[in-house]
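Peer 1: can't give you the sequence, but here's the structure:
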């Protein structure tokens, strides 16, 4: 095996691992379009791109048939590459979306590292490990707890961040329908994307008279959650600006 062959083998293995990781993050932990709304996609692509490129490149540089330290050199390269990729994957996993929480007037994407251990303990549950859950929220019955949540909401930590206040999304059906807006308002806020809105609805065979939307708030980009006008069932997340 010459150095070019060795580098190509290394590159092929790196690409396979990168594709597997991309599939896990894209379809499971950051289901489309949450990779985009969270701002994690550029970070992931940079991490994997650099890692996949540098490992095989180093193999191309150090590989020489018959070299005494060949196995050691390649092992060090693979170990460093694996460590870098593992660190990046673990970091992104730790910040994965765990809840898409309905607050009535909007939805919030809640990430794993935004949920306090004390709130999780009070809920008696664990964070979802295999993709985010759509949940509703209820206002705390206790006055002191309502005051605590109100105070924390000023810094961006609301009922959605507190699993002890989660309820099935179906329990918020009437509130969601009441506070949702017509697609005509979405068109007003996205005047340059009329064709894209039409295409999004058409691909799902939707009549805009039968659907409504609420805003979705996340770290990097806000979008619109489309719901059924009668049942308030979530249809999907559309990549359009939900508010002015």
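Peer 2: All right, it came through fine. This structure is a prediction, so every number in the text was calculated from the model and none was measured.
Peer 1: Tell me which helix or strand in this structure has the weakest average pLDDT.
Peer 2: Taking mean pLDDT, DSSP states H and E as the measure, the chain has helix 40-62 as its least confident helix or strand, at a mean of 89.
Peer 1: Could you chop the chain up by domain?
Peer 2: 3-94, 97-176 (automatic domain parsing).
Peer 1: Lowest average pLDDT across those?
Peer 2: Comparing mean pLDDT across these, the weakest is domain 3-94, with a mean of 91.
Peer 1: For the residue lying closest to residue 51 once chain neighbours are set aside, give its distance to residue 182.
Peer 2: Excluding the flanking residues, the one nearest residue 51 by Cβ to Cβ, 6 or more residues apart in numbering is residue 85, at 5.0 Å. Glycine gets a C-beta too; all of them are placed from N, C-alpha and C. Using Cβ to Cβ, to the nearest Å, residue 85 is found at 46 Å from residue 182.
Peer 1: same deal with residue 230?
Peer 2: 14 Å.
Peer 1: picking that back up, state the phi and psi torsions of the residue nearest to residue 51.
Peer 2: Note on residue 85: its backbone torsions stand at phi -70, psi -40 [degrees, to the nearest 10].
Peer 1: dump the residue contacts of the residue nearest to residue 31 when sequence neighbours are not counted.
Peer 2: Leaving aside its sequence neighbours, residue 31 sits nearest to residue 131 (Cβ to Cβ, 6+ apart; 6.1 Å). The contact partners of residue 131, taken as Cβ atoms under 8 Å, 6 or more residues apart in numbering, are 28, 29, 31.
Peer 1: I'd like those written out as a markdown table, with distance to residue 222 and secondary structure added.
Peer 2: As requested, those are arranged in a markdown table below (distance: Cβ to Cβ, whole Å; DSSP: H, G, I helix; E, B strand; the rest coil):
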| residue | distance to residue 222 | secondary structure |
| --- | --- | --- |
| 28 | 23 | helix |
| 29 | 20 | helix |
| 31 | 17 | coil |
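Peer 1: out of the residues you listed, who has the most neighbours?
Peer 2: residue 29 (24 neighbours; other Cβ atoms under 10 Å).
Peer 1: measure that residue to residue 163 for me?
Peer 2: 18 Å.
Peer 1: follow-up on the earlier one: the residue nearest to residue 51 is in contact with residue 49, isn't it?
Peer 2: No: taking contacts as Cβ atoms under 8 Å, residue 85 lies outside contact range of residue 49: 11.2 Å.
Peer 1: can you give me the strands for this protein?
Peer 2: 97-102, 106-111, 133-137, 166-167, 181-182, 211-217, 223-228, 234-238 (DSSP state E).
Peer 1: Neighbour count: residue 230 and residue 182, which is higher?
Peer 2: Neighbours were counted for residue 230 and for residue 182 using other Cβ under 10 Å; residue 182 has more, 14 against 11.
Peer 1: Go ahead and confirm that one touches residue 214.
Peer 2: No: using Cβ under 8 Å, residue 182 is not in contact with residue 214, being 11.5 Å away.
Peer 1: for the residue nearest to residue 31, phi and psi?
Peer 2: Torsion angles, degrees, to the nearest 10, at residue 131: phi 110, psi 150.
Peer 1: Can you tell me what sits against stretch 230-244?
Peer 2: With Cβ under 8 Å, 6+ apart, stretch 230-244 has contacts from 33-34, 36-37, 106, 134, 169-170, 172-174, 176-177, 180, 186, 189-190, 193, 196-197, 200, 204, 206, 210-211, 213-216, 222-228.
Peer 1: and with 6 Å instead?
Peer 2: Applying Cβ atoms under 6 Å, 6 or more residues apart in numbering, the external contacts of stretch 230-244 come out as 33, 173, 176-177, 186, 189-190, 200, 215-216, 222-227.
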